[in-house]
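J.: pasting the sequence and the predicted coordinates here, then a few questions.
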Amino acid sequence: MNPTYVILQSPVGASYIPTEEERRVFKECNKESFYYRSLPFSGMSMLVTQVLISRGILSTSNRFGSIPKVAFAGVCGYLVGKISYMRTCQEKFMRLENSPLGEALRQGRKRFSHQSVTVLCTFNIVI
């Protein structure tokens, strides 16, 4: 499955086509963000939710049991993991030498160094 590329506030334009090296970094970031952040965050949030349900701190659904709350915790953990890895991916793109996207990120960092600017995020959501 190919990752979906989402460019927000893109200084390089909405119709920008990534270079081969940028595509490689997109894939690398997508894989690393999944294994290093999304999977652990998702698993831990699901585990904590199930423990809270088993101890009676959270209630279960009469019809579906604990599945909806555990699934919601998993999705939230997945998204938090992806979002938490964005800064690392931005830095990887900024290290690319002949990359218009890397240059745009470097320029954005210089221009808005006092603000948090989200320029690039990658998501590969499998349903």
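T.: Sure thing, it's come through. Numbers count the residues shown, from 1 in each chain.
J.: for residue 71, which non-adjacent residue is closest in space?
T.: Distance criterion Cβ to Cβ, 6 or more residues apart in numbering; nearest residue to residue 71, sequence neighbours excluded, is residue 46 at 8.0 Å. To be clear about C-beta, it is placed using only N, CA and C from the backbone, and glycine gets the same treatment.
J.: mind listing what's buried along the one helix or strand that neighbour maps to?
T.: Taking DSSP states H and E as the criterion, residue 46 maps to helix 39-54. Neighbour counts over helix 39-54 (16 or more other Cβ atoms under 10 Å) mark 41-42, 45-46, 49, 52-53 as buried.
J.: is it possible to get JSON lines of those that adds distance to residue 25 and pLDDT?
T.: JSON lines is the format used below for the buried residues of helix 39-54 (distance: Cβ to Cβ, whole Å; pLDDT from 0 to 100):
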{"residue": "41", "distance to residue 25": "22", "pLDDT": "97"}
{"residue": "42", "distance to residue 25": "23", "pLDDT": "98"}
{"residue": "45", "distance to residue 25": "28", "pLDDT": "97"}
{"residue": "46", "distance to residue 25": "29", "pLDDT": "98"}
{"residue": "49", "distance to residue 25": "33", "pLDDT": "97"}
{"residue": "52", "distance to residue 25": "38", "pLDDT": "96"}
{"residue": "53", "distance to residue 25": "40", "pLDDT": "96"}
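J.: thank you, goodbye.
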